[in-house]
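Peer 1: Predicted model follows, preceded by the sequence.
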Amino acid sequence: MLQAAPRPIFYRAAFSLLAFFLLAQLPFPGAAARAATGGEAGQSAKNMDASWKPLLARLKQDGVAGPDIEAWFAELEPYSQRPMGLKARSLFRAKFMPAPFAFLKKPAKPGGKATPRYLDVMTTESIRKSAAFIQTHKDLFEFAALEYQVEKEIVVALFMTETRLGEYVGSERALWNLASMAVSTTPEQLDEYLGQLPVNTAERSAWVRKTVQARSDWAYKELVALIDYCRKNGHDPMAITGSPFGAIGLCQFMPTNIPAYAADGNKDGRIDLFDVDDAVCSIANFIRKHGWKNSLGREERRKVIYRYNHSYVYADTVLAIADGVKAMSGTPPAAGGKVPAGGSGKNKSGK
Ligand SMILES: [Ca+2]
């Protein structure tokens, strides 16, 4: 069986730091409800951070703006360069300073050395909890397995790896995060994060500029999708938190993935990614639509799981947890699988 591994210290430290920064950003009770109605838009617009205004103008030009959005941005925290700054710095280091980050990019070769796993999630305790979760939500997992033709152990393993079965859904307000990234269109806006990097050649400078612009465009599309999701399903965006890169819900979907892959698991007519039924069915639907079949071999399984989060460390972790859950219930592992025996331990690279 697995060896229980301690959670890496830097993971805990990063989480604590994030929590510290975000505690101050929680809305007052009632603020979200007011924002959703748009009732105080005119009055509070005076207090809006001026950095949001070009973004609102763009949303208006694209036909997305409305009184609801005006009200949300009037109550939103001020713009910060942190979301884009962290991302751009990480991308720069991965490209131009690869040595310490090389493990994030190299997929393990089939049949080669054992792939590292995320040892903070691949523990005996996680496997036990995943197996128990299936039992607690037996009808749901049986429904999802039948409806989407995906083994329940794979679905629960994805759920565990993404958010520890819904325990960690991220604490940054998704609207603020994506809006801040969308507003960050140039490297000059990110001096706190890029100022110390060796952007010392014309090639590097051009790469940084192009990358920041591309990520800003990406964030804008995600922001529009988040707004669309909230409007269509009656959610208050001020109440939605997510990962540092804007993934939301128990299943950590990027908003642009919602129209194609999210599922209304409890059939109540709306998609709520913070609802267990909807999240579990959305996970199953996502990988089915990315080519999952229960008859797939090990390597093909890895490739489908990789689509959920672009890391083979991630994919191997999910498959190992699924094998562990099967072993616990006496189900034979999939072809090429085995009861995992731990790994050398690398952390989740993020989306
Ligand atoms: Ca639903």
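Peer 2: Good, I have the coordinates.
Peer 1: And for E188, the neighbour number?
Peer 2: For E188, the neighbour count with other C-beta atoms under 10 Å is 10. Yep, even glycine has a C-beta here, placed from its N, CA and C like the rest.
Peer 1: Neighbours of N200, how many?
Peer 2: Neighbours of N200 (other C-beta under 10 Å): 9.
Peer 1: What of the one 10 residues further on?
Peer 2: Other residues near K210 number 11, with proximity taken as other C-beta under 10 Å.
Peer 1: residue ranges of the strands in this protein, please?
Peer 2: Taking DSSP state E as the test, the strands found in the chain are 172-173, 241-242.
Peer 1: Counting by contacts, list what the first one packs against.
Peer 2: In other words, strand 172-173. helix 9-23, strand 241-242 (3 or more C-beta pairs under 8 Å, 6 or more residues apart in numbering; DSSP states H and E).
Peer 1: redo that, cut-off 6 Å
Peer 2: For strand 172-173, there is no helix or strand it packs on, judged by 3 or more C-beta pairs under 6 Å, 6 or more residues apart in numbering; DSSP states H and E.
Peer 1: For that strand, what is the distance to the chain centroid?
Peer 2: 12 Å (C-alpha atoms, centre = their mean, to the nearest Å).
Peer 1: Averaged pLDDT, that strand. What do you get?
Peer 2: Strand 172-173 shows an average pLDDT of 94 in the prediction.
Peer 1: ditto for stretch 300-314
Peer 2: pLDDT averaged over stretch 300-314 gives 95.
Peer 1: thinking again about what came up before, CSV for the strands of the chain, including mean neighbour count and distance to the ion?
Peer 2: Output for the strands of the chain, formatted as CSV (neighbours: other C-beta atoms under 10 Å; distance: least, C-beta to the ion, whole Å):
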stretch, mean neighbour count, distance to the ion
strand 172-173, 22, 22
strand 241-242, 23, 19
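Peer 1: can you redo these as JSON lines with distance to L165?
Peer 2: Formatted as JSON lines, the strands of the chain follow (distance: least, C-beta to C-beta, whole Å):
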{"stretch": "strand 172-173", "distance to L165": "20"}
{"stretch": "strand 241-242", "distance to L165": "17"}
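Peer 1: do you know how far I287 is from the ion?
Peer 2: 19 Å (C-beta to the ion, to the nearest Å).
Peer 1: what's the neighbour count on that residue?
Peer 2: 22.
Peer 1: Does I127 touch D323 like I think?
Peer 2: No: the criterion here is C-beta atoms under 6 Å, and I127 misses it with D323 at 8.9 Å.
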